[in-house]
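Asker: model the structure of this input:
(chains A and B)
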2 protein chains.
Amino acid sequence: VLERNLRAMQCYCDEHGLALRPHVKTHKTNEIVRMQVAFGAVGVTCQKLGELETLELACLDTLIAFNLVGSDKLRRLAAATTRTPVSVTVDDVRVARTISSTLTRSAGTVGVWVDCDTGLGRTGVGSSRDALALAQAVDGLPGLELRGLFTYPLPDRESWFEQAIDEWARAGFAGPAVSVGATPTAFETHTRGYATELRVGTYVFNDLECVGVGSARIEDCALTIRATCVSRPARGKAVIDAGSKTIGAETVDLGAGLVYGAVRNRPDVVVDAVYEEHGLLRTGSGDGLPELGETVDIVPVHCCYAVNLHDRLRVEEAGELLGAWKIAARGAVT
Amino acid sequence: VLERNLRAMQCYCDEHGLALRPHVKTHKTNEIVRMQVAFGAVGVTCQKLGELETLELACLDTLIAFNLVGSDKLRRLAAATTRTPVSVTVDDVRVARTISSTLTRSAGTVGVWVDCDTGLGRTGVGSSRDALALAQAVDGLPGLELRGLFTYPLPDRESWFEQAIDEWARAGFAGPAVSVGATPTAFETHTRGYATELRVGTYVFNDLECVGVGSARIEDCALTIRATCVSRPARGKAVIDAGSKTIGAETVDLGAGLVYGAVRNRPDVVVDAVYEEHGLLRTGSGDGLPELGETVDIVPVHCCYAVNLHDRLRVEEAGELLGAWKIAARGAVT
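Answerer: Numbering: from 1, shown residues only, chains lettered A, B, ... in the order given. Sure thing, here's the model as predicted:
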């Protein structure tokens, strides 16, 4: 399933001339980075410097999709640029300036993407005019190489980037790269003519959030958490040995109320509640609950979050154990 | 703050003749186990065999507050009993029987607590009659030593245990130990005359859930996550480099809507939203948000959950760094 997901996304990008820059935050695993590169990724995206420092990214073109602020991070960024081609996002000229002065001292260079808030309301400049002003400032700073425009997720507002690209062209930055993200809308990216690059993480595994928005079917979900039924205290009730510390505490509504997970191959059974180390299963039909001692495979709501709770992935093909992959960058918090 | 919390709980238990059996799931850290034992804990509680296997519990009387089911766990339980005095909870005679047969082969013994559902609806036998039947079965099984009655959290229904204790006395099990849990109601435990033992975890750190129910003040919260303001994209908005993978994804309502965390020493500032690696701060007064590059200390909603996302605790006293403690049993998922 993992291979099928990787191949489908790469084929889509190849077909539409999009560069694929997968996000390692989802899996944090060297083996999957290598598969993504083998399939044709142009580089990777990290959310934390710690991911770049921990994973074996070798000479991969690596985008840290974050405003890097503070002397510790700037020191580490400067060190990283000596080993790996690194770019970062920036939404404030002050951030660009401190990165530039750090790099001037170390003689490194870093690519810079202008982070644009196209509707999410998280980080990013708020207007195309501000995006251009920041691009012009970056262009004049030593050690920085302007890469293009960056946003997350795929914008609803078509006009944002069309206007920005016009303004950039008039200012001498013709045809900038435009990097967009998000698995749920990934296969619509080609309908935004300006997008040149796709950043996606979740697509490697998919999860119930993807099922909820219709971008994946449950059989496209590659990641499950194997749990054991440890209690059948009453009819219609089953308790498993996996809870929020094992499958996460996030919820999604698939049409029959909020759930914390689904059970693979038992379509009527969902995780109805979680405690730290207990999960409560419920069944719509009154049937299908596991008996005491039976194992179940739980599809999590949010795979990026679930992976980060674990140290290893158990790799199976058609039920046969192929090996264990270390989640090398798990817990990279800085 | 940590020391004050540890001392307050031990003093309370000493004053009321309650045995204190702290839950290691909250901190998963050897240094804190040693402090708890030095203050007077009679033993510890684990939620996972992996916690017992990873922490240095030496000869501590250790309760694994879980139905242990499946051959892998039973093998590991048998191994653990050769090193540590172990007890477990059981809510099903089939679980007790398989533990007994495993131990018969290894010649170990394990204490057994009868898990009672006194209202939570998670695991546990549903009636005092079922509790007695299970106790009698356990009493007749080789390798098992009946320890007493167990529940979580502190029961609302007074009569449950009064009736159970009467029935146990008539059946020849006079004056059983009764183990109850939960930090929020910890200081009410003495009002339940039957309780002999208190299991609490959260009290070591406290968190916003404790503040929400009034069992702790914000200044009693020992655990914070240090984050940096990485973006001030608009007036009244600040973004930090800590999100659900760093502080957790749980919420609590402290009276002004759901929040994902509070900021220490900035009473008006709360974490309003989290993404995986971003947190959005909001302020009630319009003031107090950190400037770009400033650090803030976030009090998490659920400390047990937040700790499990990290590898180390940074230990400070009055702002001075004392050291780093390894969260040795982090990610003990089985």
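Asker: and the pLDDT at A:L281?
Answerer: pLDDT, A:L281: 97.
Asker: the helix or strand containing it pairs with which strands?
Answerer: Secondary structure assignment for A:L281, by DSSP states H and E: strand A:279-283. Paired strands of strand A:279-283, with direction, are strand A:238-240 (antiparallel), strand A:269-274 (antiparallel) (DSSP bridges).
Asker: which SSE is immediately downstream of that strand?
Answerer: Counting by DSSP H and E, what follows strand A:279-283 is strand A:295-300.
Asker: list the buried residues in that following strand.
Answerer: A:V296, A:D297, A:I298, A:V299, A:P300 (16 or more other CB atoms under 10 Å in any protein chain shown). Glycine gets a C-beta too; all of them are placed from N, C-alpha and C.
Asker: enumerate the residues of the stretch 201-334 of chain A near chain B.
Answerer: Counting by CB under 8 Å from any CB of the partner chain, the residues of the stretch 201-334 of chain A close to chain B are A:228-234, A:239, A:241-242, A:244-246, A:248-250, A:275-278, A:280, A:292-293, A:295, A:304-305, A:308-311, A:330-331, A:333-334.
Asker: show the buried residues in these.
Answerer: A:228-233, A:239, A:241-242, A:244-246, A:248-250, A:275-278, A:280, A:292, A:304-305, A:308-310, A:330-331, A:333-334.
Asker: for chain B, see how far away the residue nearest to A:P85 when sequence neighbours are not counted is.
Answerer: If the residues on either side of it in the chain are set aside, A:P85 comes closest to A:D61, at 4.9 Å by CB to CB, 6 or more residues apart in numbering or on different chains. Here the criterion is CB to the nearest CB, to the nearest Å. By it, A:D61 lies 20 Å from chain B.
Asker: so A:D61 sits against A:V110, correct?
Answerer: No - under the criterion of CB atoms under 8 Å, A:D61 lies out of contact with A:V110, with a separation of 11.7 Å.
Asker: so what sits against both of these two?
Answerer: Counting by CB atoms under 8 Å, 6 or more residues apart in numbering or on different chains, the shared contacts of A:D61 and A:V110 are A:S87.
Asker: where do the helices sit along the stretch 101-250 of chain A?
Answerer: With helices called from DSSP state H, counting those that start in this stretch, the stretch 101-250 of chain A shows them at A:128-139, A:159-170, A:208-213, A:244-247.
Asker: just the ones you listed: most buried one?
Answerer: Highest mean neighbour count of those: helix A:244-247, a mean of 26 (counted as mean count of other CB atoms under 10 Å in any protein chain shown).
Asker: what's next to it, contact-wise?
Answerer: By CB under 8 Å, 6+ apart, helix A:244-247 touches A:225, A:227, A:260-261, A:271, A:274-277, A:279, A:298, A:300-301, A:306, A:309-310, B:250, B:305, B:308, B:333.
Asker: again with stretch A:87-97
Answerer: Taking CB under 8 Å, 6+ apart as the rule, stretch A:87-97 contacts A:61-69, A:77, A:99, A:110-115, A:117, A:123-125, A:133-134, A:137-138, A:141, A:144-145, A:147, A:150, B:230-233, B:292.
Asker: relative to B:L120, how far out is A:P85?
Answerer: Taking CB to CB, to the nearest Å as the measure, A:P85 falls 54 Å from B:L120.
Asker: ugh, typo on my part, it should be A:T123
Answerer: A:T123 is 41 Å from B:L120, by CB to CB.
Asker: more crowded one of these two?
Answerer: A:T123 (26 against 16; other CB atoms under 10 Å in any protein chain shown).
Asker: residues contacting that one?
Answerer: Per CB under 8 Å, 6+ apart, neighbours of A:T123: A:N67, A:T89, A:D91, A:D115, A:D117, B:V230, B:S231, B:P233, B:V239, B:H278.
Asker: same check, this time on A:L258
Answerer: Contacts of A:L258 (CB under 8 Å, 6+ apart): A:T251, A:V252.
Asker: what angle do the strand holding A:L281 and strand A:295-300 make?
Answerer: Orientation check (axes from the mean of the first three to the mean of the last three CA atoms, to 10 degrees): strand A:279-283 against strand A:295-300 gives 90 degrees.
Asker: what residues sit buried inside strand A:279-283?
Answerer: A:G279, A:L280, A:L281, A:R282, A:T283.
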